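>>> give me coordinates for this.
(chains A and B)
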Amino acid sequence: QKEVEQNSGPLSVPEGAIASLNCTYSDRGSQSFFWYRQYSGKSPELIMFIYSNGDKEDGRFTAQLNKASQYVSLLIRDSQPSDSATYLCAVNIGRSGGYQKVTFGTGTKLQVIP
Amino acid sequence: DTAVSQTPKYLVTQMGNDKSIKCEQNLGHDTMYWYKQDSKKFLKIMFSYNNKELIINETVPNRFSPKSPDKAHLNLHINSLELGDSAVYFCASSLRQTGGAFFGQGTRLTVV
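Coordinates of the predicted model:
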């Protein structure tokens, strides 16, 4: 089982709709969770992080975390064509000595259709 | 004011050569990383340093040797380059407590 799993997509949504991106992780000890956006040919950009169960909102983005189900999601409201990118889920897995290792999923490609 | 900068951006070299990639961050972070992104876009951690100390060394061939002269710099030296080393290499940094990493622009390495 992969440590962090995402559907590779592409996920196609019409402009103005809500895009829902999902991620599951295998390690119950995981402590913090991140969403990155990566445009083609560019570097990953941190857009959201969440540490506690529940929802966290930032503008059009909402991250949702359910530790019991080992599930984290990203909702993008009012999707724009400029949101078209690959979205990477990353999980910070606790290790001994307090050091942590960030493991990435393979990413979900989002296409917003005008 | 680039937060995480790495050089060079592109690197084309022949098999068997030795090359280095340099990385610097001005964010005041205490942890730096090297990631490799292959042709399938999978981003895999290679090394992590905290305050110049190596804390993560994933199953990377010995031909790859990171060096951190101080906590703002992390370089990657690669010996005897192979075709399979072709990929995009990203440097990143974060605070140990938070883990949210900021990435450099990447170095596209092509071995011919």
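>>> helix, strand or coil: sort out the most centrally placed residue in chain B for me.
With distances taken as C-alpha atoms, centre = their mean, B:Trp34 lies nearest the centre of chain B, 3.1 Å away. Here B:Trp34 is recorded as strand under DSSP: H, G, I helix; E, B strand; the rest coil.
>>> which ones are touching it?
Neighbour list for B:Trp34: B:Cys23, B:Ile45, B:Met46, B:Phe47, B:Pro66, B:Leu74, B:Leu76, B:Tyr89, B:Phe90, B:Cys91, B:Ala92 [criterion: C-beta atoms under 8 Å, 6 or more residues apart in numbering or on different chains]. C-betas here are computed from N, CA, C, even on glycine.
>>> helix or strand with the lowest mean pLDDT in the chain?
In the absence of a named chain, chain A is used. For chain A, the helix or strand with the lowest mean confidence is strand A:100-104, at a mean of 83 (criterion: mean pLDDT, DSSP states H and E).
>>> could you do chain B instead?
Least confident helix or strand of chain B, by mean pLDDT, DSSP H and E, is strand B:53-57 with a mean of 84.
>>> residues in contact with it: which ones?
So strand B:53-57 is in contact with A:Gly97, A:Tyr99, A:Lys101, B:Thr31, B:Tyr33, B:Ile45, B:Met46, B:Phe47, B:Ser48, B:Tyr49, B:Pro66, B:Ser68, going by C-beta under 8 Å, 6+ apart.
>>> A:Thr108 contacts A:Val13, doesn't it?
No. Contact criterion C-beta atoms under 8 Å: A:Thr108 and A:Val13 do not qualify, at 11.6 Å.
>>> neighbour count for those two, which is higher?
Ranked by neighbour count (other C-beta atoms under 10 Å in any protein chain shown), A:Thr108 and A:Val13 place A:Thr108 first, with 22 against 17.
>>> kindly write the PyMOL command that selects the buried subset of the contacts of strand B:53-57.
In PyMOL, this line selects whichever of these come out buried by 16 or more other C-beta atoms under 10 Å in any protein chain shown:
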select buried, (chain A and resi 101) or (chain B and resi 31+33+45+46+47+48+49+66+68)
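>>> which stretches in chain A count as helices?
With helices called from DSSP state H, chain A shows none.
>>> please list the residues of it that sit near chain B.
Within chain A, the positions lying close to chain B (C-beta under 8 Å from any C-beta of the partner chain) are A:32, A:34, A:38, A:42-46, A:49, A:86, A:88, A:90, A:92, A:97-104, A:106-107.
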